[in-house]
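Participant: I'd like to go over a predicted model; first the sequence, then the structure.
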Amino acid sequence: MAAPDLGQPLTLHLVRHASTAHTGSVPSGGDRHGPALSEQGVAEAEALARVLGPADALLTSPLLRTWQTAWALRAAVGCEPVADPELAELRLGEWDGLSYREIAERWPKEYAQWRHSPSARPPGGESVQDLAERTDACWRRLRSSYPGKSVVVVTHTGLIRAAVASALDAGPAAFWRLRIDPTGITTVRMWADGGIEVAGVNRSTPA
């Protein structure tokens, strides 16, 4: 809990993008511009818009699936989406767009290391530790830019997992243990002194 004299926290509603045709079959959906939302994903984004309330800002990863989700939320949130490249998904390098099976067959040793070691990187990509450091830097910047505000952030599984693991001091090793569903909302509050609390994880409505 934060001390009363520290003022209002920054409240981040971290929203995973809605479903694409790759959801569940490709790790993190890749870090390139595509894929687009599926028909199911469009319906999920519209349903989310019906439960989200107004916020002070709407930020999004620049990737297509997050931008489309954020665009569907703009009327409910009362803000136009603003793309932030630091909100992009875990960068997979040569593995981008491949299925779990394809990666395991072509890079069995590297894939096993990646799943078990936070410091292991895909060829040309980021490790979970790299993502955690990028995510922490992003949240510090947002805390400085939006003190006391409510911000909806449309992003990806990886960043949300990293945010929760960091907030709970669980470290990158907890990354794979967190389930984040399409359009699930994770709420994190951050105070000016560095205080932080997780108010909800993978919810269907804001905390």
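Facilitator: Cool, got the structure. Numbers count the residues shown, from 1 in each chain.

Participant: show me where the chain has strands.
Facilitator: Assigned by DSSP state E, the strands in the chain fall at 10-16, 57-60, 81-83, 150-155, 185-190, 196-203.

Participant: so can I have TSV of those strands showing mean pLDDT and distance to Phe175?
Facilitator: C-betas here are computed from N, CA, C, even on glycine. Converted to TSV, those look like this (pLDDT from 0 to 100; distance: least, C-beta to C-beta, whole Å):
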stretch	mean pLDDT	distance to Phe175
strand 10-16	98	14
strand 57-60	98	22
strand 81-83	98	24
strand 150-155	98	15
strand 185-190	98	14
strand 196-203	96	14
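
Participant: Would you format those as a markdown table with distance to Glu102 and mean neighbour count included?
Facilitator: Output for the strands of the chain, formatted as a markdown table (distance: least, C-beta to C-beta, whole Å; neighbours: other C-beta atoms under 10 Å):
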| stretch | distance to Glu102 | mean neighbour count |
| --- | --- | --- |
| strand 10-16 | 23 | 25 |
| strand 57-60 | 28 | 23 |
| strand 81-83 | 29 | 16 |
| strand 150-155 | 25 | 26 |
| strand 185-190 | 29 | 22 |
| strand 196-203 | 27 | 16 |
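
Participant: Distance to Trp114 for the ones you listed - can I get that in JSON lines?
Facilitator: As requested, the strands of the chain are exported to JSON lines (distance: least, C-beta to C-beta, whole Å):
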{"stretch": "strand 10-16", "distance to Trp114": "21"}
{"stretch": "strand 57-60", "distance to Trp114": "26"}
{"stretch": "strand 81-83", "distance to Trp114": "27"}
{"stretch": "strand 150-155", "distance to Trp114": "21"}
{"stretch": "strand 185-190", "distance to Trp114": "23"}
{"stretch": "strand 196-203", "distance to Trp114": "23"}
